[in-house]
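>>> Prediction below, plus the sequence it came from.
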Amino acid sequence: MRTGARHKLREFRAPDEVGAEGRAWTVVRTAYLDREPAPARRLRPRLAALTPALAVIAAVLVLSPAGARVGQIITHALGVRHAAPALSSLPSEGRVLVSGPGGTWMAAADGSTRRLGAWSQASWSPHGLYVAVAAGNRLAAVDPRGDIQWAITRPRVSDPRWYSPSGYRVAYLSGATLRVIAGDGTGDRLLATHVAYVAPAWRTGAALGPYELAYVTNRHQVVVRDADTARVLWTASLRTRPLQVMWSGDGRRLVVVTAHQVRTFAADGALVATLHVAASDAALSPDGRSLALVLNRDQVVVDGRRLFAGAGVRAVSWSPDGRWLLVDWPAADQWVFVRAAGAPRVAAVSRIAQQFSARGAFPQLEGWCCAARGPAG
Amino acid sequence: MSSLGERLPAAADSLAIAGELGRRRTRRPRSEQALIRGILAGSEADLEALFHRYWPRAYRAAFLIVHDHAAAEDIAQEAFLAAIRRLDRFDRGRRFGPWLSAIVANRAIDWVRARAARREAAGDGVGDAASCPEVPTGRYSQEVLTALASLSPEHRAVIVLRYLLEYSPGEIARALDLPRGTVNSRLRRGLDALEPRLKGMDLP
């Protein structure tokens, strides 16, 4: 028996041994090369390097007269009056993705809605052909009909994000680890441990990379890493916990939102600007030139203009054409569409919770993506 | 899946892992002590040699205990990272393999326990070894896996360390911080449980 057991165990081969070995070697080698990291660079603000758009953002601290007037016009306390009782259309092209206790839903430009499944989080692929979804221990890619294309099981999955522009990678959190999987659901692997519960952000690159990913560690450090080689490109330590990281569309700036500051870094890690504001949410416009901020949970400011004010606003999302902002307002159970380009205009829809959730809780805004295209859309 | 611009990538376009494997295995074998000295001195080549020498057994051992290939990959990978981090404190009078295997086995046992707790809490059967979707390869792999599934993770670990990695009971006792008598009794009970399941197999 003992000879038999020994022989059988020697013959044993685990699944995908070569693939696992290659992935693990990449991580181990990188950890070895990084074992004595160089002292962190002392980052100094280089205000001269501010882009025009970011310089305008600095004007948030003192609202321009025009901005103040707009803010006075659009100030609300208990919800926008004459809000539509149900979503009949979006003011711009594209589709809005939401998740909540009632699962993940998609709202189309014509106002029609479709439930994609019992998922708790979701994010669009770059062209809106697929949605990465997560719930509990499951990560999946579904098409806009909700059909599952692939799925994997990992502990406590959250915050999936597709690489843009190709969708060839998806980053996601599994507990306190950061993992990356190819867009077809293969090659899942660990990229980093001790990661904070903040959604990672891909830097927009070419179709085949480089696949550069920004994420936050549980020591308040922002790390930018090559996802295929696992090489750390740069890090920045912050005193307060980053709540959000996002790259501009051109990949030249990384915006980091904390409870009291909004910091902007250049692609090489140099600190470009710091705004001392209490932002609870932020969204870069599709062209990367404008930053919308939710300040003090009661106003939405874009490029120095207060576009909207209302107690309890939570999040914002840009329309694909960059002309409209969708303001997520749980306290009023409303979605408010505010035109960011041209003359101020507001359109609101009430009873959002009822439309997207069987249990009446207000759903989380997950993104407003491009118009449907082709058979999948 | 799509005929449009945003196609999902083929598996071949997956994470960049090729190339690394082709460069290795042409190096002259060096002693384990020499490799460790080299690693501590900063030699990536020595790290690569040590890694590839011990990875297959570490991964297989983890897989035989947890029966989940992704978890086994994570466990073996984390064990290597932990070993490399602690290499300067490693007693070079000992063998590296048992030391690494101890880390793997202990983490694998912890993982199985945690999974059992999660399963109790969730009330589902996720991760059942018998329904593992990743089919192992090798002449006896599926039979061995099925037989081992009947053992507790502690018994599995001892059996795997003894008969896959071929460590002595004394080395296993030191690695798992167990009395030698406990190792022997687990080996005996484990083999007693495996015997009827593997009995009918043909052996050369």
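Nice, thanks for sending it over.

>>> for chain B, which spans come out with low pLDDT?
Applying pLDDT under 70 to chain B picks out residues B:1-28, B:115-141, B:199-204.

>>> Show me which helix runs longest in it.
For chain B, the helix with the greatest residue count under DSSP state H is helix B:96-122.

>>> tell me what that helix is packed against?
helix B:32-40, helix B:44-66, helix B:69-85, helix B:153-159, helix B:169-176 (3 or more CB pairs under 8 Å, 6 or more residues apart in numbering or on different chains; DSSP states H and E). In this view, the C-beta of every residue, glycine as well, is placed from N, C-alpha and C.

>>> Give me the next element, helix or strand, following that helix.
helix B:141-148 (DSSP states H and E).

>>> Show me which positions of that next one end up buried.
Buried residues in helix B:141-148, counted by 16 or more other CB atoms under 10 Å in any protein chain shown: B:141, B:143-145, B:147-148.

>>> Might one say that residue A:152 is in contact with residue A:134?
No - counting by CB atoms under 8 Å, residue A:152 does not reach residue A:134; the two are 10.4 Å apart.

>>> Find residues that contact each of those two.
Residues touching both residue A:152 and residue A:134 by CB atoms under 8 Å, 6 or more residues apart in numbering or on different chains: residue A:140.

>>> So for these two, which residue has more residues nearby?
The neighbour count for residue A:152 versus residue A:134, taken as other CB atoms under 10 Å in any protein chain shown, is higher for residue A:134 (24 against 18).

>>> so who does residue A:105 touch?
The contact partners of residue A:105, taken as CB under 8 Å, 6+ apart, are A:97-99, A:113-116, A:356, A:363.

>>> Which is the succeeding secondary structure element to the helix or strand where it lies?
Per DSSP H and E, residue A:105 falls inside strand A:103-107. Sequence order places strand A:113-117 as the next helix or strand after strand A:103-107, per DSSP H and E.

>>> I'd like the mean pLDDT over the helix or strand following that next one, please.
Downstream of strand A:113-117, the next assigned helix or strand under DSSP H and E is strand A:121-124. What strand A:121-124 shows for mean pLDDT is 95.

>>> now swap in stretch A:218-232 and tell me
If you average the pLDDT over stretch A:218-232, you get 93.

>>> near chain B, anything from that stretch?
Yes - judged by CB under 8 Å from any CB of the partner chain, stretch A:218-232 and chain B are in contact via A:227-229.

>>> Buried residues of that stretch, list them for me.
So, applying 16+ other CB under 10 Å, buried residues of stretch A:218-232: A:221-231.

>>> just those residues now: which is nearest residue B:172?
The shortest approach to residue B:172 among the buried residues of stretch A:218-232 belongs to residue A:230, at 33.0 Å (CB to CB).

>>> how about that closest one, phi and psi?
phi 70, psi 10 (degrees, to the nearest 10).

>>> hang on, isn't it packed against residue A:25?
No - using CB under 8 Å, residue A:230 makes no contact with residue A:25, being 10.3 Å away.

>>> anything in contact with each of those two?
Counting by CB under 8 Å, 6+ apart, nothing touches both residue A:230 and residue A:25.

>>> where does the stretch 1-150 of chain A have low pLDDT?
Within the stretch 1-150 of chain A, the ranges that satisfy pLDDT under 70 run A:1-8, A:34-79, A:81.

>>> Please enumerate the helices of it.
A:2-11, A:17-33, A:52-57, A:65-73 (DSSP state H, counting those that start in this stretch).

>>> orientation of the longest one relative to helix B:44-66 in degrees?
Counting by axes from the mean of the first three to the mean of the last three CA atoms, to 10 degrees, helix A:17-33 lies at 130 degrees to helix B:44-66.

>>> which other residues reach helix A:17-33?
By CB under 8 Å, 6+ apart, helix A:17-33 touches A:14, A:187, A:189-191, A:228-232, B:15-18, B:20-21, B:39, B:44, B:47-48, B:51-52, B:55-56, B:59-60, B:69, B:72-73, B:76-77, B:80-81, B:84-85.

>>> Show me how far it is from its chain's centre.
Computed by CA atoms, centre = their mean, to the nearest Å, the chain-centroid distance of helix A:17-33 equals 28 Å.

>>> what's the angle from that helix to helix B:32-40?
Counting by the same axes, to 10 degrees, helix A:17-33 lies at 50 degrees to helix B:32-40.

>>> For the stretch 151-300 of chain A, which residues are neighbours of chain B?
Counting by CB under 8 Å from any CB, the stretch 151-300 of chain A sits next to chain B at A:152-155, A:166-168, A:180, A:182-184, A:186-190, A:193, A:208, A:227-229.

>>> Could you give the separation between the terminal residues of stretch A:136-150?
Terminal residues of stretch A:136-150 are spaced 16 Å apart (CA to CA, to the nearest Å).

>>> ok, and for that stretch, which residues are buried?
A:136-144, A:146, A:149-150.

>>> Adding distance to chain A as columns, could you present the buried residues of helix B:141-148 in CSV?
CSV is the format used below for the buried residues of helix B:141-148 (distance: CB to the nearest CB, whole Å):
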residue, distance to chain A
B:141, 5
B:143, 7
B:144, 5
B:145, 8
B:147, 8
B:148, 9
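
>>> from the stretch 51-200 of chain A, which residue is nearest to chain B?
residue A:187 (3.5 Å; CB to the nearest CB).

>>> thinking again about what came up before, just curious, which of the buried residues of helix B:141-148 is nearest to residue A:243?
For the buried residues of helix B:141-148, the nearest to residue A:243 is residue B:145 (44.4 Å; CB to CB).

>>> Next one: that closest one relative to residue B:54, how far apart?
Per CB to CB, to the nearest Å, residue B:145 is found 22 Å from residue B:54.

>>> Any buried residues in stretch B:36-54, and which?
Quick answer for stretch B:36-54 (16+ other CB under 10 Å): B:36, B:38-39, B:43, B:46-54.
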